[in-house]
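*Asks:* Predicted model follows, preceded by the sequence.
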Amino acid sequence: MKISGDDPLKTYLREIRPIEKGESVKKAKQKAASETDRVEISVEAKGYQQVYRKVNAMSDVRTERVSEIQQRIERGEYQINPEKVAEKVVRSAILDAVL
């Protein structure tokens, strides 16, 4: 992203100097208002924007997986392995502490 703006010298030359030369304040402000700042967004940043929009449009829930697990629970086939759950909890806590 590229942002262009005025430095204090340009502001002086554009706004204050004309007033010192005798131009009216209104005319100097109109002239200054016609010269605006510009913002240019790079092609790379535009690509990031597109990816960001697509990711935000995606669902956080894997509905197929949730549906499968619900059906297994209803049939009494869903088994929880407490050792795997404990291992993942500990691993997550360690990662959180490190990061």
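*Replies:* Yes, it's here.
*Asks:* Is the closest residue to residue 78 other than its chain neighbours in a helix, a strand, or coil?
*Replies:* In space, and not counting its chain neighbours, residue 78 is closest to residue 72: 4.0 Å by C-beta to C-beta, 6 or more residues apart in numbering. Using the backbone N, CA and C atoms, a C-beta is placed for each residue, glycine as well. Under DSSP: H, G, I helix; E, B strand; the rest coil, residue 72 falls in the helix class.
*Asks:* wait, residue 72 sits on residue 80?
*Replies:* No - judged on C-beta atoms under 8 Å, residue 72 makes no contact with residue 80 at a distance of 11.0 Å.
*Asks:* which one of those two has more residues nearby?
*Replies:* Just comparing residue 72 and residue 80: by other C-beta atoms under 10 Å the higher neighbour count belongs to residue 72, 12 against 6.
*Asks:* so after the host helix or strand of residue 64, what's the next helix or strand?
*Replies:* In this assignment (DSSP states H and E), residue 64 forms part of helix 63-75. Moving toward the C-terminus from helix 63-75, the next helix or strand (DSSP H and E) is helix 82-98.
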